[in-house]
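J.: The following block contains a protein sequence and its predicted model.
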Amino acid sequence: NNESHTTSSMALDFLTSFLVSLSSLGTYLALLSAGFMLKRRGLFSDTLSKDLASISLHVTIPCLLFTGVLNCQQDFSTTQCPDLLSTLQTAWLILLWPFFVVLTGIALARFIVLPFSAVPSNFRRTALVAVGFPNSTGMPITILSAIHTSFAPTTPLGAVDPTVFLSVYLLFYPILQWGLGGYLMGIYEQQQQQQQ
């Protein structure tokens, strides 16, 4: 009897998580569709797209992640502000996660994708980097925010804002993206050739 109750509880948790995941994917697809329709109607030029991407990359996303880590109520309440050090101690393993994600992606591209696909030789480095460095800002923020708001604040997934952990993840990811990604793309080789 107790075993069947546990099984049905797990099935319910899985179903809830699955429906929340579908909902978050729906949010992302709605944003994508809106951008597509604006572009198709000529309301979204290439210049505007680049400008919005730049504002997003340099202003809004850093502000979101910064306020997520230092989410302190500004209402003169007696509630303690979150301690950044304790957040990092809780999420220390996530500091290593970018290395795992990037190295796994590069290995996947190098040993599975590139050997079995018809990627032209002059595009192989770009394909390697495209698979090795997944979208780690826009899409995860949308999905994590949708999942977080779908759960009650009393539940484990509703009590803690997951973008806090994304902030920790993004401490090392850009270093890998620009350092290792640049090396794999051959940027440093091009710079050396230009200097000679």
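T.: Looks like it arrived, so ask away. Residues are numbered from 1 along each chain as shown.
J.: What separation do you get for G42 and D51?
T.: G42 sits 16 Å away from D51, going by Cβ to Cβ, to the nearest Å. No exception for glycine: its C-beta is placed from N, CA and C like everyone else's.
J.: Same drill for the two, tell me which one is more crowded.
T.: Under the criterion of other Cβ atoms under 10 Å, the comparison of G42 against D51 puts D51 first, with 11 against 7.
J.: which stretch of helix or strand covers that one?
T.: In this structure, D51 sits in helix 46-55 according to DSSP states H and E.
J.: Show residues contacting that helix.
T.: Helix 46-55 has contacts (Cβ atoms under 8 Å, 6 or more residues apart in numbering) with K39.
J.: Let me know the helix or strand that the most centrally placed residue in the chain is in.
T.: Nearest residue to the geometric centre of the chain (Cα atoms, centre = their mean): S136, 2.8 Å. Under the criterion DSSP H and E, no helix or strand holds S136.
J.: show me what contacts it?
T.: S136 makes contact with 98, 101, 166, 169-170, 173, according to Cβ under 8 Å, 6+ apart.
J.: C-terminal to the helix holding D51, which secondary structure element comes first?
T.: helix 61-69.
J.: how much distance is there from that next one to the middle of the chain?
T.: Relative to its chain's centre, helix 61-69 lies at 13 Å (Cα atoms, centre = their mean, to the nearest Å).
J.: Counting by contacts, list what that helix packs against.
T.: Based on contacts counted as 3 or more Cβ pairs under 8 Å, 6 or more residues apart in numbering; DSSP states H and E, the elements that helix 61-69 packs against are helix 138-150, helix 163-169.
J.: name the helices or strands packed onto the shortest one?
T.: Counting by 3+ Cβ pairs under 8 Å, 6+ apart, the packing neighbours recorded for helix 163-169 are helix 61-69, helix 84-90, helix 92-108, helix 138-150.
J.: What's the mean pLDDT across that helix?
T.: Regarding helix 163-169, the rounded mean pLDDT is 79.
J.: now do the longest one
T.: Here the mean pLDDT over helix 138-150 is 76, rounded to a whole number.
J.: Report all helices and strands that it contacts.
T.: If contacts are counted by 3+ Cβ pairs under 8 Å, 6+ apart, helix 138-150 sits against helix 2-40, helix 61-69, helix 156-159, helix 163-169.
J.: most neighbours per residue, which of these?
T.: helix 163-169 (a mean of 22; mean count of other Cβ atoms under 10 Å).
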